[in-house]
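Q: Need a 3D model of the sequence below.
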Amino acid sequence: MPPVSARGLTRQALIAAAAIALVCAPVAAAQPTPVDPSAGTTTSAPFTTPNTDNCPQRSVPPKAIDQSEVPAPGRQAPAPLPVPDDPVGGKRLGECGAISASGTPPLPADISATGWVLADLDSGKVIAAKDPHGRYRPASTIKMLLALVALDELDLDKTVVATADDANAEGSAVGLGKNGRYTNRQLFQGLVMASGNDAAHAIAVQLGGLDAAVAKMNARARALGALDTRAATPSGLDGPGMSSSAYDLAVIFRAAMHNKTFADLVHTETVQFPGFPKDPTNPDDVDHPPFTLSNDNKLLYNYDGALGGKTGYTDDARQTFAGAAEKGGRRLAVTLMAGDVKPIRPWEQAARLLDYGFALPASTSVGTLVEPDGDAAAEVTLAAPPDEQSQRATGAVSASAANSGAGNRVSGTTVALIGGIVIGVLLLAARRLQRRHR
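A: Next up is the predicted model:
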């Protein structure tokens with residue numbers, strides 16, 4: 001088990017306190033056992049992959065189960081992205097069920113992802129797929145798109161002082177602290193290795209703020225030919241209009257893996273990560289020491305030749321994943337969307353698809369990943385960002401608008417109102433810190 005930071009210990013303490021409070025309170029009615037998405041345990045019936053033969057997600061993702069995509073007051077949800085007349089990547093990729101080449105063996109069993117793509121990173125050949133252009137929510141795999149944009153604009157060696165807004169970003173966190181000092185390289189490590197939404201926030205601020213960063217991400221998606229993709233947040237937290245597809249994630253992942261810095265980052269297993277100073281306004285606070293940051297992508301540790309990738313999860317997106325490996329001079333990639341940890345974990349599903357791909361001739365193809373076209377991106381007009389120093393002092397512009405409605409993302413069970421405010425505060429704090437929106 002990798003060492004945990006003081007921030008991690010604080011989270012565990014809150015979670016433990018909430019659990020004790022709940023045990024002591026009588027329950028009004030029987031409740032279903034909660035599911036930990038990362039644990040692979042459940043009390044529900046075995047997961048069955050949704051049938052996509054009739055293209056249910058051709059234009060929009062499945063209906064949200066929470067309030068994450070409710071627009072902020074005064075705003076409207078954007079219309080669905082147009083569906084191209086000709087399927088991007090080839091005619092067969094317009095099919096919505098399982099797609100494999102003629103004469104190839106049956107596809108692997110136990111792949112619960114609703115949409116997926118298996119492709120060659122170098123040639124761009126799509127080897128097999130399921131609902132490749134079906135539109136789903138990307139969760140934190142969209143951080144690959146943020147990384148592509150930011151790696152072009154930011155100096156990796158520049159030092160950034162984290163703000164309270166960075167440190168308090170909702171969802172999964174690498175562990176930035178207010179007044180902590182981090183190089184952009186370290187922020188990128190936190191972004192792709194630990195899927196830190198705090199790191200995403202600190203990076204997005206440098207791109208002009210959350211709205212500006214999202215606009216740049218969407219412009220890059222169009223330039224790459226990822227026409228099913230629209231980011232709503234830099235981190236992958238769900239928001240109005242958010243969508244992508246397994247095909248688009250493969251296009252984005254392929255472009256990212258051709259960036260040496262990104263490829264090195266996702267291939268890193270562990271790295272030392274800075275701590276941050278104590279809060280001078282809190283007499284009980286202490287200095288937070290450096291800690292060992294471990295990559296959260298299990299494929300990297302468990303698959304021979306693994307090159308790395310990116311994990312993702314929200315309640316609406318379910319499990320999303322991108323991973324790649326190299327064998328015999330071939331580099332293959334898998335992207336998964338709207339999956340689950342059943343019957344096997346996402347990285348294990350990716351491993352089975354990789355094994356399938358490596359066993360086939362390099363000429364096997366049902367389509368291609370489109371090549372980037374720099375002229376395809378529409379011009380994005382942005383307001384001039386505020387002075388960097390003042391912006392980092394006051395937080396990201398439009399942060400509240402971009403994250404509005406985010407507080408109700410995780411559906412939970414109703415708890416008896418015994419214990420009052422104390423239990424409520426403990427539960428909310430623990431739940432916020434425990435959630436893994438990767």
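Q: in the chain, which helix or strand is least confident?
A: For the chain, counting by mean pLDDT, DSSP states H and E, helix 399-402 ranks last in confidence among helices and strands (a mean of 34).
Q: for the host helix or strand of L354, which positions count as buried?
A: Element membership of L354, judged by DSSP states H and E, is helix 346-358. For helix 346-358, the neighbour count (16 or more other C-beta atoms under 10 Å) marks P346, W347, E348, Q349, A350, A351, R352, L353, L354, Y356, G357, F358 as buried. For every residue, glycine as well, the C-beta is placed using N, CA and C.
Q: is it true that the fifth one touches M337?
A: No: the pair A350 and M337 fails to qualify as a contact (C-beta atoms under 8 Å) at a distance of 11.9 Å.
Q: tell me the helices in the stretch 251-400 of the chain, going along the chain?
A: 260-266, 299-302, 346-358, 388-394, 399-402 (DSSP state H, counting those that start in this stretch).
Q: so what's the residue most central in space within the chain up against?
A: With distances taken as C-alpha atoms, centre = their mean, the residue of the chain nearest its centroid is S140 (0.8 Å). When contacts are counted by C-beta atoms under 8 Å, 6 or more residues apart in numbering, S140 touches S172, S195, N197, S235, G236, K310, T311, G312, Y313, T320, H437, R438.
Q: Now go through those residues and say which are in strands.
A: K310, T311, G312, Y313, T320 (DSSP state E).
Q: Name the nearest of the residues you listed relative to G367.
A: T320 (20.7 Å; C-beta to C-beta).
Q: That closest one and L353, how far apart?
A: 14 Å (C-beta to C-beta, to the nearest Å).
Q: G134 now?
A: With C-beta to C-beta as the criterion, G134 and L353 are 17 Å apart.
Q: Repeat that for L107.
A: 8 Å.
Q: what touches both of these two?
A: What both L107 and L353 touch, as defined by C-beta under 8 Å, 6+ apart, is the set A128.
Q: Read off the pLDDT value for the spatially closest residue to K158 that is not a sequence neighbour.
A: In space, and not counting its chain neighbours, K158 is closest to N184: 5.3 Å by C-beta to C-beta, 6 or more residues apart in numbering. At N184, the predicted lDDT confidence score is 98.
Q: and this protein, what are its domains?
A: 6-34+412-434, 91-408 (automatic domain parsing).
Q: tell me the mean pLDDT over the first one?
A: Summarised as a single mean, pLDDT over domain 6-34+412-434 is 38.
Q: same deal with stretch 75-88?
A: 95.
Q: What residues of it count as buried?
A: Within stretch 75-88, the residues that count as buried by 16+ other C-beta under 10 Å are L81, P87, V88.
Q: Which residues are in contact with the first one?
A: Same thing as L81. Counted by C-beta under 8 Å, 6+ apart, L81 has contacts S59, R135, L227, D228, T229, R230, S243.
Q: Can you list the residue ranges for helices in the stretch 101-250 of the chain?
A: 143-153, 164-167, 184-193, 197-206, 210-224, 246-257.
Q: Mean neighbour count for these - can I get that in a markdown table?
A: Formatted as a markdown table, those follow (neighbours: other C-beta atoms under 10 Å):
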| stretch | mean neighbour count |
| --- | --- |
| helix 143-153 | 23 |
| helix 164-167 | 20 |
| helix 184-193 | 24 |
| helix 197-206 | 29 |
| helix 210-224 | 22 |
| helix 246-257 | 28 |
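Q: Need the winner for burial among the domains of the chain.
A: domain 91-408 (a mean of 21; mean count of other C-beta atoms under 10 Å).
Q: As CSV, the contacts of L81 with distance to I203 would be great.
A: Below are the contacts of L81 laid out as CSV (distance: C-beta to C-beta, whole Å):
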residue, distance to I203
S59, 31
R135, 26
L227, 25
D228, 24
T229, 19
R230, 19
S243, 22
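Q: Could you identify the pair within the residues you listed that is furthest apart?
A: S59 and T229 (13.4 Å).
Q: Tell me how far Y313 lies from N259.
A: Y313 is 24 Å from N259, by C-beta to C-beta.
Q: ugh, wrong one, I meant P290
A: Taking C-beta to C-beta, one finds P290 at 27 Å from N259.
Q: Need the phi and psi values for the closest residue to P87 other than its chain neighbours.
A: Leaving aside its chain neighbours, P87 sits nearest to G94 (3.3 Å; criterion: C-beta to C-beta, 6+ apart). Here is the backbone geometry of G94 (degrees, to the nearest 10): phi -80, psi -10.
Q: Strands along this protein, start to end?
A: Under DSSP E, the chain gives strands at 98-100, 115-120, 125-130, 159-161, 181-183, 270-273, 291-294, 306-314, 318-327, 330-339, 367-368.
Q: Now the ones you listed in JSON lines, please, with extra columns for distance to A202.
A: Output for the strands of the chain, formatted as JSON lines (distance: least, C-beta to C-beta, whole Å):
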{"stretch": "strand 98-100", "distance to A202": "40"}
{"stretch": "strand 115-120", "distance to A202": "31"}
{"stretch": "strand 125-130", "distance to A202": "35"}
{"stretch": "strand 159-161", "distance to A202": "6"}
{"stretch": "strand 181-183", "distance to A202": "7"}
{"stretch": "strand 270-273", "distance to A202": "13"}
{"stretch": "strand 291-294", "distance to A202": "15"}
{"stretch": "strand 306-314", "distance to A202": "18"}
{"stretch": "strand 318-327", "distance to A202": "22"}
{"stretch": "strand 330-339", "distance to A202": "26"}
{"stretch": "strand 367-368", "distance to A202": "36"}
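Q: Out of the ones you listed, which is closest to L191?
A: Using C-beta to C-beta, the nearest of the strands of the chain to L191 is strand 306-314, at 9.5 Å.
Q: Tell me the gap between stretch 329-338 and the middle of its chain.
A: The chain centre lies 16 Å from the centre of stretch 329-338; the measure is C-alpha atoms, centre = their mean, to the nearest Å.
Q: Let me know the pLDDT of the nearest residue in space to G328 that is not next to it in sequence.
A: Excluding the flanking residues, the one nearest G328 by C-beta to C-beta, 6+ apart is F358, at 7.2 Å. F358 is assigned 98 on the pLDDT scale.
Q: isn't F358 right up against A333?
A: No: contact criterion C-beta under 8 Å: F358 and A333 do not qualify, at 11.9 Å.
Q: Of the contacts of S140, which is the nearest to T281?
A: N197 (24.0 Å).
Q: ok, now which ones touch that closest one?
A: S140, A169, E170, G171, S172, A173, S235, G236, L237, H437.
Q: pLDDT score assigned to the first one?
A: Meaning S140. pLDDT at S140 comes out at 98.
Q: Check the fourth one too.
A: Per-residue confidence (pLDDT) for G171: 94.
Q: Pretty sure it sits against P234.
A: No: using C-beta under 8 Å, G171 is not in contact with P234; the gap is 11.4 Å.
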